[in-house]
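Novice: here's my sequence, what's the structure:
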Amino acid sequence: MTRVPASARLWLLGTVLLAACAPAPSALPEPVATRPPTNMPAAWPLFASLKADTGASGMVVSGSPLASQVGAAILRQGGSAVDAAVAVGFALAVVHPEAGNIGGGGFMVIRFADGRTNALDYRETAPGQASRDMYLDAQGRLTDQSLTGHLAAGVPGSVAGLAEAHRRYGKLTWTQVVAPAIRLARDGFVVDEFRSRSIGGSADRLRRFAASRAQFLPGGNPPGPGTTLKQPDLAVTLQAIADSGPRAFYQGRTADLMVEEMDRGNGIITKADLAAYRPVWRDPIVIKYRGHTIYSMPPSSSGGVTMAEALNVLEGYDPLPEFGVAATGPECTQRGIAGERAQRRDAPLVDAAQPVHLPSKASKPAPSPIPKAKAPNYHQDLASMVENSGTLAITDGAGWAYVNAPGDSNFGTVWVNCTHTDTKGSIWTSY
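Specialist: Residues are numbered from 1 along each chain as shown. Sure thing, here's the model as predicted:
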């Protein structure tokens with residue numbers, strides 16, 4: 001965690017992401033080991049290791065200390081939370097690719113100090129040549145091509161989405177926010193134990209592709225802790241993006257290289273797919289939970305609907321069972337995911353107002369998933385299936401907050417995993 005000169009408190013508790021702002025206190029206590037508000041047993045051994053971090057002007061939290069330092073530096077330069085988020089997003093593409101990669105996509109939810117909200121959908125899209133049976137073999141059996149290889153890739157949205165967020169809400173120049181990632185890729189960074197193990201965990205898949213093998217497995221093995229990892233090809237790509245904006249990625253030499261690689265590996269992304277990609281601004285889902293208001297991402301993201309269903313179920317527990325959301329939350333989330341997946345469809349292709357048939361014995365079509373996910377009788381039905389068998393992030397301070405949850409594929413998609421606050425009194429959440 002990287003601190004920017006001092007007044008936001010962050011508590012990490014369990015499986016839902018929640019951000020809230022309040023006026024900055026006049027005096028700040030020193031960070032101390034403390035027990036957060038929870039009904040977990042006092043004897044829980046990890047309480048002793050808890051420490052609160054504070055900051056008066058802002059805070060940046062991400063999956064990588066190096067990326068957090070980049071975001072903090074952007075805030076110190078006078079950048080907005082969006083500037084910091086964009087800079088961290090590109091930095092994570094270099095130092096923590098599971099949580100940030102220019103070959104993927106993501107979502108962003110924004111709340112301003114005056115209560116206005118907005119949501120940006122820059123998820124990957126299916127190539128124009130995608131088909132229903134593209135991941136089946138000749139015998140109709142499912143292959144692994146949806147997970148690894150050229151057919152697994154969607155049309156990337158990260159660069160377009162981060163650029164659009166910066167265009168609308170950034171204060172610093174585009175070059176300024178991309179520059180730190182270029183330096184990290186060009187000059188390299190010291191690999192820690194986590195990064196070494198992470199690359200090693202994907203080694204079998206990386207070995208299947210010459211470029212991945214050469215970059216991430218020098219000498220046939222992942223770089224060890226303490227070694228310096230440089231990524232000159234990525235630095236060149238990032239420099240082109242900094243110089244010419246997203247056009248360089250979707251229409252320039254980088255686009256040509258992507259399509260050439262697709263042709264070599266029997267992929268289906270075309271120049272037309274890349275040139276046509278556009279991020280979309282949407283209205284966030286609004287969820288009420290135990291006096292809190294949560295703004296979350298609507299479809300095409302599954303997160304907002306799933307969160308609404310899981311929290312509605314949890315709200316039926318009063319008090320929460322021992323160990324709180326750590327005990328019941330995963331089961332509630334499983335039920336929420338099952339309900340959401342039963343109703344999901346692609347918003348650009350299906351009118352959200354139209355009913356969708358559940359893949360079950362239901363004889364009548366189900367309504368749009370958003371109202372249903374928030375309906376009391378629905379979450380009561382889900383709660384009846386929950387068996388009592390983890391991250392709540394609350395940012396308290398005068399500032400914008402931006403929160404991203406991790407992505408779904410190593411070295412592939414961008415979901416940044418970071419929190420940013422500045423002095424404008426707003427919240428951003430993205431996952």
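
Novice: the strands in the stretch 1-150 of the chain, which residues?
Specialist: For the stretch 1-150 of the chain, strands defined by DSSP state E, counting those that start in this stretch occupy the ranges 2-6, 9-12, 56-62, 106-111, 117-122.

Novice: again with the stretch 201-350 of the chain
Specialist: Using DSSP E, counting those that start in this stretch, strands in the stretch 201-350 of the chain cover 228-229, 280-282, 285-289, 292-296.

Novice: quick one: average pLDDT of stretch 196-208?
Specialist: Regarding stretch 196-208, the rounded mean pLDDT is 94.

Novice: what about it, how long is it end to end?
Specialist: 19 Å (CA to CA, to the nearest Å).

Novice: buried set for it?
Specialist: 196, 198-200, 202, 206 (16 or more other CB atoms under 10 Å). Bear in mind the C-beta positions are built from the backbone N, C-alpha and C, glycine included.

Novice: then stretch 136-148?
Specialist: Those would be 145, 148, for stretch 136-148 by 16+ other CB under 10 Å.

Novice: same deal with stretch 89-98?
Specialist: By 16+ other CB under 10 Å, the buried positions in stretch 89-98 come out as 89-98.

Novice: would you turn the buried residues of stretch 196-208 into CSV with distance to residue 139?
Specialist: Conversion of the buried residues of stretch 196-208 to CSV gives the following (distance: CB to CB, whole Å):
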residue, distance to residue 139
196, 40
198, 35
199, 34
200, 34
202, 28
206, 29
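
Novice: of the residues you listed, closest to residue 308?
Specialist: Residue 308 lies nearest to residue 198 out of the buried residues of stretch 196-208, by CB to CB, at 31.7 Å.

Novice: skipping adjacent residues, who's closest to the closest one in space?
Specialist: Of all residues not flanking residue 198 in the chain, residue 98 sits nearest, at 6.6 Å (CB to CB, 6 or more residues apart in numbering).

Novice: please apply the same query to residue 234.
Specialist: Spatial nearest neighbour of residue 234, chain neighbours left out: residue 185 (4.4 Å); criterion: CB to CB, 6+ apart.

Novice: and if you look at residue 168?
Specialist: Per CB to CB, 6+ apart, closest to residue 168 is residue 82, 8.0 Å.

Novice: picking up where we left off before, let me know the closest of the buried residues of stretch 89-98 to residue 219.
Specialist: Distance to residue 219, by CB to CB, is smallest for residue 97 among the buried residues of stretch 89-98, at 20.0 Å.

Novice: quickly note the distance from that closest one to residue 201.
Specialist: Going from residue 97 to residue 201 by CB to CB, to the nearest Å gives 12 Å.

Novice: could you do residue 96 as well?
Specialist: 14 Å.

Novice: and for residue 195?
Specialist: 11 Å.

Novice: re earlier: mind listing what the residue nearest to residue 234 touches?
Specialist: By CB atoms under 8 Å, 6 or more residues apart in numbering, the residues touching residue 185 are 94, 230-232, 234-235, 238.

Novice: now the residues you listed: which count as buried?
Specialist: Buried by 16+ other CB under 10 Å: 94, 230-231, 234-235, 238, out of the contacts of residue 185.

Novice: from the residues you listed, which is closest to residue 177?
Specialist: Closest to residue 177 out of the buried ones among the contacts of residue 185 is residue 238 (11.1 Å), distances taken as CB to CB.
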